[in-house]
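Trainee: Below: sequence and its predicted model.
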Amino acid sequence: MTDDANTCQNPPDSGLDTPAGTHGGKTPEESSVIMTHQVLPSDANPAGNVHGGVILKHIDTAAGVVAMRHVRGWAVTASIDRMDFLKPVYVGELVTVKASLNLVGRTSMEIGVRVEAENLLTGEVRHTNSAYLTFVALDGLGCPRPAPPLIIQGEVAERRHRQALRRRELRRQAIAEERAGD
């Protein structure tokens, strides 16, 4: 984002607030992504497990792809609402990162990410990590701009959307409490 707040005050006819091709909404499936990565020794911490930062990088990358696919433009990480390390990932395993949109606001998007590790020798697949990230759509000047609406279809998308609305309300309450304490 830009350091100069005045830069983000675009004139109404600048064309930067509405990117080409994003007038209509999109379903979560239209921007979802599945990415894989085989874990190498360079990804490991001294204990021999995959370093948490490596997992975070893959999560952020997958979520960023989802956000950019949805807005067909630039988007940046605004926050990681939650990151759960459920089980370790080991060198040699195949990591699969699944990311999709749960909620779209005016300029921001919540993306849910699930990480699974597969032991390529046994075929065992484990759910190892979950995270929720918020991304903000940016215009050509690096300022927040509107994102296309999310079209919610199906039981899974409806459940994820409801849960995301609850998380958004909790985030807003936490921010209000933090500001009140300052």
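Mentor: Noted; the coordinates are in hand.
Trainee: Please go through the chain and pick out the longest strand.
Mentor: In the chain, taking DSSP state E as the definition, the longest strand is strand 125-137.
Trainee: ok, that one: who's next to it in the sheet?
Mentor: Using DSSP bridges, the strands paired with strand 125-137 are strand 75-85 (antiparallel), strand 108-118 (antiparallel).
Trainee: what about the last one, average pLDDT?
Mentor: When you say that, I think you mean strand 108-118. Across strand 108-118, pLDDT averages out at 97.
Trainee: Keeping just the C-alphas, turn that strand into CSV.
Mentor: Extracted as CSV, the C-alpha positions of strand 108-118 are listed here (Å, rounded to 0.1, in the frame of the first residue of the first chain):
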residue,chain,number,x,y,z
SER,A,108,-11.5,-7.2,1.3
MET,A,109,-11.8,-11.0,0.9
GLU,A,110,-11.5,-13.8,3.5
ILE,A,111,-9.8,-16.9,2.1
GLY,A,112,-9.8,-20.2,3.9
VAL,A,113,-6.8,-22.5,3.4
ARG,A,114,-6.4,-26.2,4.3
VAL,A,115,-3.1,-27.9,4.2
GLU,A,116,-2.7,-31.7,3.9
ALA,A,117,0.5,-33.8,3.9
GLU,A,118,0.7,-37.1,2.0
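Trainee: one step back: any idea which of the strands paired with strand 125-137 is most buried?
Mentor: Comparing these by mean neighbour count (mean count of other CB atoms under 10 Å), strand 108-118 ranks first with a mean of 23. (Glycine included, C-beta is placed from N, CA and C.)
Trainee: just to revisit the earlier point, export the strands paired with strand 125-137 to a markdown table and tack on distance to residue 174?
Mentor: Below are those laid out as a markdown table (distance: least, CB to CB, whole Å):
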| stretch | distance to residue 174 |
| --- | --- |
| strand 75-85 | 10 |
| strand 108-118 | 15 |
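Trainee: of these, which approaches residue 143 most closely?
Mentor: strand 75-85 (11.1 Å; CB to CB).
Trainee: Run through who's touching the closest one.
Mentor: The contact list for strand 75-85 (CB atoms under 8 Å, 6 or more residues apart in numbering) reads 1, 52, 55-56, 59-60, 63-64, 67-68, 108-110, 128-138, 167, 171.
Trainee: which secondary structure elements does the helix or strand immediately after it in the chain contact?
Mentor: Using DSSP states H and E, the helix or strand that follows strand 75-85 in sequence is strand 94-104. Secondary-structure packing of strand 94-104 (3 or more CB pairs under 8 Å, 6 or more residues apart in numbering; DSSP states H and E): helix 28-31, strand 33-38, helix 52-71, strand 108-118, helix 155-181.
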